[in-house]
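Peer 1: Quick one: sequence and predicted model below, then my questions.
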Amino acid sequence: MPETFVALEFWRRLGDRKGAAAVEFALLMIPLLGLLLASLQIAMIFLFSEELQSVAQKAGRQLMTGAAQSANLTQAQFATEVCGMLPAPLQCSNLMIDVQSGSSFTSISTTPLTLTYNASGAVTNTWSYNPGNPGDIVILRLMYDWPVIGGILTPGLSNQPNGSSLMVGTAVFKNEPY
């Protein structure tokens, strides 16, 4: 008799759908949360990429007018100046600055820079700092390693082996006669 009761109770509860909406909502929340997180991160990456480009233009103006060269700014001092221009959420520790100059536009390298990482995920590149002389062509590249959060919920947002997204701001100009 107890076996029959258990079987009947099983078939009776199989038709019970009281918690179905909660289960369906829970199943849909994971992709919805991933989509929301990815959208928010894409918006932040685009926003701060534009901010980084604006900082590159401002920092390039210091080099173009000869203000940095006249003040004999070292690479570290110029980096400190550029860090002061960054908007609040961007941290100086993730900023990398590369300045190269040449006598003509064809003599400067415009190939994309490739980052190399050590075992702990830190960038190991050494960047150039050659602000040039009056009349030289200069390329200034600001690179920022933006951390991407979310793991498998945000696929495709990271473009670096360490799981971050590299944002680049570039300014190419000819130094004024200062």
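Peer 2: Yep, it's here.
Peer 1: centroid residue for this structure?
Peer 2: The residue lying closest to the centre of the chain (Cα atoms, centre = their mean) is residue 146, at 3.2 Å.
Peer 1: Helix or strand: which one has it?
Peer 2: Applying DSSP states H and E as the criterion places residue 146 in strand 137-147.
Peer 1: Any buried residues in that strand, and which?
Peer 2: Within strand 137-147, the residues that count as buried by 16 or more other Cβ atoms under 10 Å are 137-146. All C-beta atoms are positioned from the backbone trio N, CA, C, and that covers glycine.
Peer 1: any chance of these in TSV, plus pLDDT?
Peer 2: Output for those, formatted as TSV (pLDDT from 0 to 100):
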residue	pLDDT
137	97
138	97
139	97
140	97
141	97
142	97
143	96
144	95
145	90
146	90
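Peer 1: ok, those residues vs residue 105, which is closest?
Peer 2: Distance to residue 105, by Cβ to Cβ, is smallest for residue 137 among the buried residues of strand 137-147, at 5.3 Å.
Peer 1: Now do the contacts for the closest one.
Peer 2: Counting by Cβ atoms under 8 Å, 6 or more residues apart in numbering, residue 137 touches 101-105, 107-108, 172-175.
Peer 1: for the residue nearest to residue 172 when sequence neighbours are not counted, what are its contacts?
Peer 2: Ranked by Cβ to Cβ, 6 or more residues apart in numbering and with sequence neighbours excluded, the top spatial neighbour of residue 172 is residue 139, at 4.9 Å. For residue 139, the contacting residues are 98-101, 108-110, 170-172, by Cβ under 8 Å, 6+ apart.
Peer 1: Mind checking which of these are buried?
Peer 2: Members of those classed as buried by 16+ other Cβ under 10 Å are 98-101, 108, 170-171.
Peer 1: so can I have CSV of these showing distance to residue 158 and pLDDT?
Peer 2: Output for the buried ones among the contacts of residue 139, formatted as CSV (distance: Cβ to Cβ, whole Å; pLDDT from 0 to 100):
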residue, distance to residue 158, pLDDT
98, 21, 97
99, 27, 97
100, 27, 96
101, 32, 96
108, 29, 91
170, 21, 96
171, 25, 97
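Peer 1: just to revisit the earlier point, tell me which of the buried residues of strand 137-147 is nearest to residue 80?
Peer 2: When the buried residues of strand 137-147 are compared against residue 80 (criterion: Cβ to Cβ), the nearest one is residue 142, at 13.7 Å.
Peer 1: quick one: contacts for the spatially closest residue to residue 75 that is not a sequence neighbour?
Peer 2: With sequence-adjacent residues excluded and distances taken as Cβ to Cβ, 6+ apart, residue 75 is closest to residue 129, at 3.7 Å. With contact taken as Cβ under 8 Å, 6+ apart, residue 129 is in contact with 74-75, 78, 97-99.
Peer 1: Lovely, talk soon.
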